[in-house]
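# just the structure for this:
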Amino acid sequence: MAIGDDLRLLRAYEPVARFTEGEYFFPVSVEQYVSQASLWRVEPRGSSPVQVVAPGELTLDTLATAGGAEQGLGYSLSGIGNGEKHLAHIPLRDRPPHLSRSSRLASVGLTGRLVDTLNRFSLLFRGSVPGGSATRSFLLQRDHLDTLRPTYYARVLRDGPWIVCQYWFFYSFNNWRSAFGGVNEHEADWEQVTVYIDANGEPGPDGLPEPSWVVFSAHDETGDDLRRRWDDPDLTVVDGRHPVVFVGAGSHSGAYLPGDYLITVRPPRLRGLVNALRWSARLLAPWSPEDQSNVGIPYVDYARGDGRSVGPGQNEAWRAINIGDDTPWVRDFRGLWGRDTLDRLGGERGPAGPRYQRDGTVRQAWADPVGWAGLAKVVPDPAAELQLVEERNQRDIDRLIELDTEITKMRHELTLAAAGLPAAAPEVRALAGQEQKLLGMRMEHTRLADELHRAAIATPVNQHPHAHLLHRRLPLEQSTGFLGRARSWWSVISTPLILWAIGAVVSPLDISGEQTALALLLVLLLVEGFVRGKFLAVILRILLAAALILVLVVLWFDGRYVLTFTFFGAAVLVLLVNTREATRR
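Residues are numbered from 1 along each chain as shown. The predicted model follows:
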């Protein structure tokens, strides 16, 4: 199909982006960004990056060539240079209105706050964006990047029964950490929205079919959880064709509903620690799955949609540019679009382009957007789905006929082999494997027969739009009044107080007395439970911890006491179970 036809499709389904009041950075032209950027080569750790191309000497046409034979691997673009330290205190000019914040720490438990503290402390030892980088990028955007003409880069992909319209948005900076309390910060940002259309769908008055699904790029969603059905009540659609994405402040991730979102991140280098903490949360509080999933680095993503709005029917329109695998700067530059800090956790490094990941491999979202969103198993056309059901039923019928023949044959062979022999004969004992195989065929026969029965009596079911979701991402419920304020302030002071109390308990120094410190620690933990509405759960955890400590202390002095108490406890438990069973009769 001609480029003009692709642009018509892209325009027909292009999204509406609603930003949060106070957002600093908006989708801009990569051509303008590259014209102001320099190109840097990453040196071995410990050495400073080397500038390969100075600002003003690059264009999109020369970008791939400048990347050399490695197509830019080990290189990074930067519109803010090497982040000179004297720029760290430049005041941010034209500062947007202040954003009233939600308390991210108040929304997670003590373990989550401790992990967050570790992450913040780690910024001292890993690569991070230098101070003043957000300011320099904001000045670059204001003076050289035309935010009055917001731009997206998009392509149309045809994959079997699907037409895929994919929209990519480039931001010159992600100031999520410094401006909005997020978990990381990096120069440049690529985000996307993908619309999936049934290629055989009934066309509307304009000759185009209605979309079936949409995906917004998000931090912690994968597979089926990425996508939403077109009739999902969580999805806002303008003029029946244009999905509304609520853009996270600073992070630029996409949300389906406006609001503040609590997200917990497991960085690759801390994933083992976080998984261990989540396992301990399951052990100590199996009744509280939200505590388990919230263990990680917590942050709030502000996607309120109360600021600037771009797209069809809004005050500002998109500038659309068609790209694809044959676009040179997309295909032939694998470097980073933003300063490479060599951050070991990855969160402070610039991103790769729309086609590639940071290691130079092709993104799944680009190579296979249908499989990436879990749609490879979904049939968009109801008529085609009915045909596939009939095909599967016929396959099951054919397999049942085969199984009937195989089962009859194997039963005959088994009885023939065992006829006239003692049951304990070695020849009979050796038939156990064939008996298991026969059992497996009988189970398969029963399963297929049940499946055919269900298909025969089934009526078409209109599944709920959320039926495919394992996790539905929803905004935070804001705590108000005294409890909300108490929870917010407690999240600020509780972690250092509890750490200090633990230090006082284990310290060899006579700081305040071990008994006093231990009493203070217990009080702090009880207040933590009260503020978070989990008072009884905290008491139970304290009792479990005390029992564990008691066992360890006794074991330290004499292991026989542990065995004694173990058997005594087991005896009492068995007596209670047996008594309960006897009284039920």
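# hey, let's count contacts and neighbours off CA atoms from now on
OK.
# domain ranges for the protein, per the record?
The chain breaks down by automatic domain parsing into domains covering 3-372, 382-457, 481-584.
# among these, which gets the worst mean confidence?
Among the domains of the chain, domain 481-584 has the lowest mean pLDDT, at a mean of 69.
# out of the domains of the chain, which is closest to residue 463?
Of all these, it is domain 3-372 that lies closest to residue 463, at 10.7 Å by Cα to Cα.
# of all the domains of the chain, which lies closest to residue 475?
Comparison of these against residue 475 by Cα to Cα identifies domain 3-372 as nearest, at 4.7 Å.
# how about the strands in the stretch 301-450 of the chain?
Taking DSSP state E, counting those that start in this stretch, the strands of the stretch 301-450 of the chain run over residues 309-310, 319-322, 336-337.
# pull the residues that contact the longest one.
This means strand 319-322. 3, 6, 7, 11, 149, 150, 151, 152, 153, 154, 155 (Cα atoms under 8 Å, 6 or more residues apart in numbering).
# which of those residues count as buried?
Buried members of the contacts of strand 319-322, scored by 16 or more other Cα atoms under 10 Å, are 6, 7, 11, 149, 150, 151, 152, 153, 154, 155.
# turn these into TSV, including distance to residue 50 and secondary structure.
Formatted as TSV, those follow (distance: Cα to Cα, whole Å; DSSP: H, G, I helix; E, B strand; the rest coil):
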residue	distance to residue 50	secondary structure
6	40	helix
7	40	helix
11	41	helix
149	33	coil
150	32	coil
151	31	strand
152	31	strand
153	30	strand
154	33	strand
155	34	strand
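# pick out the most distant pair among the residues you listed.
So, the buried ones among the contacts of strand 319-322 by Cα to Cα: farthest apart are 6 and 149, at 20.9 Å.
# list the buried residues of the lengthiest helix in the chain.
Longest helix of the chain, by residue count under DSSP state H: helix 382-418. Applying a neighbour-count criterion of 16+ other Cα under 10 Å, one finds 393, 396, 400, 403, 407, 414, 418 buried in helix 382-418.
# same question for stretch 154-171.
Judged by neighbour count using 16+ other Cα under 10 Å, the buried positions of stretch 154-171 are 154-157, 161-171.
# stretch 178-191 too?
179-191.
# tell me the SS of residue 246?
When classified by DSSP: H, G, I helix; E, B strand; the rest coil, residue 246 comes out as strand.
# hmm, back to that, export the buried residues of helix 382-418 as CSV, with columns for distance to residue 213.
Shown next, in CSV, are the buried residues of helix 382-418 (distance: Cα to Cα, whole Å):
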residue, distance to residue 213
393, 28
396, 31
400, 37
403, 40
407, 45
414, 54
418, 59
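# what's the most distant pair in those?
393 and 418, at 37.0 Å, using Cα to Cα across these.
# okay, now the sheet partners of the helix or strand harbouring residue 171, with direction.
Per DSSP states H and E, residue 171 falls inside strand 162-174. If you go by DSSP bridges, strand 162-174 pairs up with strand 151-159 (antiparallel), strand 186-198 (antiparallel).
# all helices of the stretch 151-300 of the chain, in order?
Counting by DSSP state H, counting those that start in this stretch, the segments of the stretch 151-300 of the chain that form helices are 176-180, 271-284, 289-293.
# for the residue lying farthest from the centre of the chain, list the residues it contacts.
The centre of the chain is farthest from one residue, residue 420, which by Cα atoms, centre = their mean lies 64.4 Å away. For residue 420, no contacting residues are found, by Cα under 8 Å, 6+ apart.
# and the gap between it and residue 580?
In this view, residue 420 and residue 580 are 50 Å apart by Cα to Cα, to the nearest Å.
# which other residues reach the helix or strand residue 61 falls within?
Element membership for residue 61 (DSSP H and E) is helix 60-66. Contact with helix 60-66 is made by 31, 34, 35, 53, 71, 72, 328, 329, 332, 333, as judged by Cα under 8 Å, 6+ apart.
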